[in-house]
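A.B. asks: predicted model and sequence below, questions to follow.
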Amino acid sequence: MTTYDVGIVGGGCIGCSIGYHLAAETSLDVCIVEKEHHLAAHQSGRNSGVLHPGFNYPPGSLKARFATEGTRRMKDYCERTGVPLDELGVLVLATDERERARLETIRAQATENGVPTELLESPGAIAEYEPHAAGEAALYCPAAASVDSQQYVYALAADAADAGVDVFTDAEVRDVRQRGETHHLETSIGPIRCSYLVNAAGLYADKLAHQLGVGEGYRVVPFRGEYYELVPAKRDLVRSMLYPTPDPELPFLGVHYTRRTDGSVIVGPNAVPAFGREAYRNTQFDLRELAETLGFPGVWKLFASRKMLGVGLAELRKSYRKAAFVAAANRLLPAAEADDFRKSYAGIRAQLVSRDGDLVADPMVAHGPRSTHVLNAVSPGLTSSLPFGEHVAGEVVDRMG
């Protein structure tokens, strides 16, 4: 049985960042255990790969702080390590007067967050950046970038290993028990003991926390995000990234276009309630996990809202009807035709929901006796991973004394 000072469950961008910062800044013995054979197999590798510079987050919020700092630090990190990153910028497009007014609010937030933006006040001004985009006005943010998220996680894990962290893959945690001042982890590669446990298990963070009596008023509800991509012959329709004007009452951005570091252009995601925590296809079901989700009162309270119910049904239509997905995408890029879109990958967003039916919007970390649990690390989790991981590592050190 191997013993460590700190055991981290989860080998995504948050777990690897926490491990790296703990090992680089202390003399603690640290390990990371990841249930999959590959790192970044779930949220950290199945996202759009966008660095969000923080123009759309409330000033003073954790999201704004971590996104702005995270964008800067990620760019420095990728330059130093050779991880592919393209600084493309983003256009947030307004297609009517209501959205145009919303751009002014977003721009004011961006200014307060220290994020440079430019307001493009006509279709002609938009066309100078994106000739095929549709909009009455747009907010241009040059700091947005595209990164290869999987290569980033592997580089971060390698840096953690170089700093002394033991990284175990194919190591599913099947049970965890606290005995005195030690946590006993039963894993698929054998038992591991640690004095302090850090839970960065993403889609399963709530289940691990509940085993230790932490965060029992919250539940991770999985939302699947499905992507299409433009066929190679039509990639030139998009130069950078095209976003819709976000609805401040909803946690999901809506279908958008992202040029990736390999030259492909992905379109999406939608946000569909998934029938399992790893149900990446709309035909997949995990009856036990679905029953657990439906048995949580917060889910029923969430969809008791007429707006949320309407959004949920609309997103389901986009999942099962390509025409509905294409119609949403055409609001930003009318020149793309149905045959220009082909199915791509999907990701699952671990959205934390309270017992009262509230979607938790900010990062959330909870603590138990000799344990720390990252219960919510939603978008922009990838962007925020370096400062957020450093922040959690600091809390762990403080609590360990």
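C.D. replies: Alright, I've got the coordinates. Values in this document were obtained by computation on a predicted structure and should not be read as measured data.

A.B. asks: wait, what's in contact with residue 114?
C.D. replies: Residues near residue 114 by C-beta atoms under 8 Å, 6 or more residues apart in numbering: residue 68. Backbone N, C-alpha and C define where each C-beta goes, glycine included.

A.B. asks: repeat that for residue 258.
C.D. replies: Taking C-beta under 8 Å, 6+ apart, we find residue 258 in contact with 48, 49, 50, 146, 241, 265, 266, 267.

A.B. asks: who does the fifth one form a beta bridge with?
C.D. replies: By that I understand residue 241. Residue 241 forms beta bridges with residue 258, as assigned by DSSP bridges.

A.B. asks: also the third one?
C.D. replies: Partner residues in beta bridges with residue 50, using DSSP bridges, are residue 146.

A.B. asks: and it, how many neighbours?
C.D. replies: Residue 50 has 25 neighbouring residues, counting by other C-beta atoms under 10 Å.

A.B. asks: just the contacts of residue 258 now: which is nearest residue 75?
C.D. replies: Within those, distances to residue 75 taken as C-beta to C-beta reach their minimum at residue 146, with 11.4 Å.

A.B. asks: which parts of this structure are helices?
C.D. replies: Using DSSP state H, the helices of the chain run over 13-25, 62-81, 97-112, 123-129, 149-162, 205-211, 287-294, 297-302, 306-320, 322-330, 381-400.

A.B. asks: can you give me the buried ones in stretch 114-131?
C.D. replies: Buried residues in stretch 114-131, counted by 16 or more other C-beta atoms under 10 Å: 115, 117, 120, 126, 129, 130.

A.B. asks: one more: stretch 186-198?
C.D. replies: For stretch 186-198, by 16+ other C-beta under 10 Å, it's 187, 192, 194, 195, 196, 197, 198.

A.B. asks: over to stretch 237-253?
C.D. replies: 237-246, 251-253.

A.B. asks: please verify my assumption that residue 386 contacts residue 70.
C.D. replies: Yes - between residue 386 and residue 70 there is a contact under C-beta atoms under 8 Å: 5.6 Å.

A.B. asks: neighbour count for the two, which is higher?
C.D. replies: Here residue 386 and residue 70 are compared on neighbour count by other C-beta under 10 Å; more neighbours surround residue 70, at 27 against 24.

A.B. asks: picking up where we left off before, how about TSV for the buried residues of stretch 237-253, with pLDDT added?
C.D. replies: Shown next, in TSV, are the buried residues of stretch 237-253 (pLDDT from 0 to 100):
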residue	pLDDT
237	98
238	98
239	97
240	97
241	97
242	98
243	96
244	95
245	94
246	87
251	65
252	72
253	77
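
A.B. asks: who does the helix or strand of the chain with the lowest mean pLDDT touch, helix- and strand-wise?
C.D. replies: One helix or strand of the chain scores below all others by mean pLDDT, DSSP states H and E: helix 306-320, with a mean of 85. With contacts taken as 3 or more C-beta pairs under 8 Å, 6 or more residues apart in numbering; DSSP states H and E, helix 306-320 sits against strand 218-230, strand 272-273, helix 322-330.

A.B. asks: looking at those, which is buried most?
C.D. replies: Comparing the helices and strands packed on helix 306-320 by mean neighbour count (mean count of other C-beta atoms under 10 Å), strand 218-230 ranks first with a mean of 23.

A.B. asks: parallel or antiparallel, which strands does that strand pair with?
C.D. replies: If you go by DSSP bridges, strand 218-230 pairs up with strand 265-268 (antiparallel), strand 272-273 (antiparallel), strand 341-354 (antiparallel).

A.B. asks: pull out the buried positions in the longest one.
C.D. replies: Spelled out, that is strand 341-354. 341, 344, 345, 346, 347, 348, 349, 350, 351, 352, 353, 354.

A.B. asks: please apply the same query to stretch 353-368.
C.D. replies: Result for stretch 353-368 [16+ other C-beta under 10 Å]: buried residues 353, 354, 357, 359, 360, 361, 363, 364, 365, 366, 368.

A.B. asks: re the thing from before, mind putting the buried residues of stretch 186-198 in JSON lines, distance to residue 392 included?
C.D. replies: What follows is these, written out as JSON lines (distance: C-beta to C-beta, whole Å):
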{"residue": "187", "distance to residue 392": "22"}
{"residue": "192", "distance to residue 392": "20"}
{"residue": "194", "distance to residue 392": "16"}
{"residue": "195", "distance to residue 392": "17"}
{"residue": "196", "distance to residue 392": "12"}
{"residue": "197", "distance to residue 392": "13"}
{"residue": "198", "distance to residue 392": "7"}
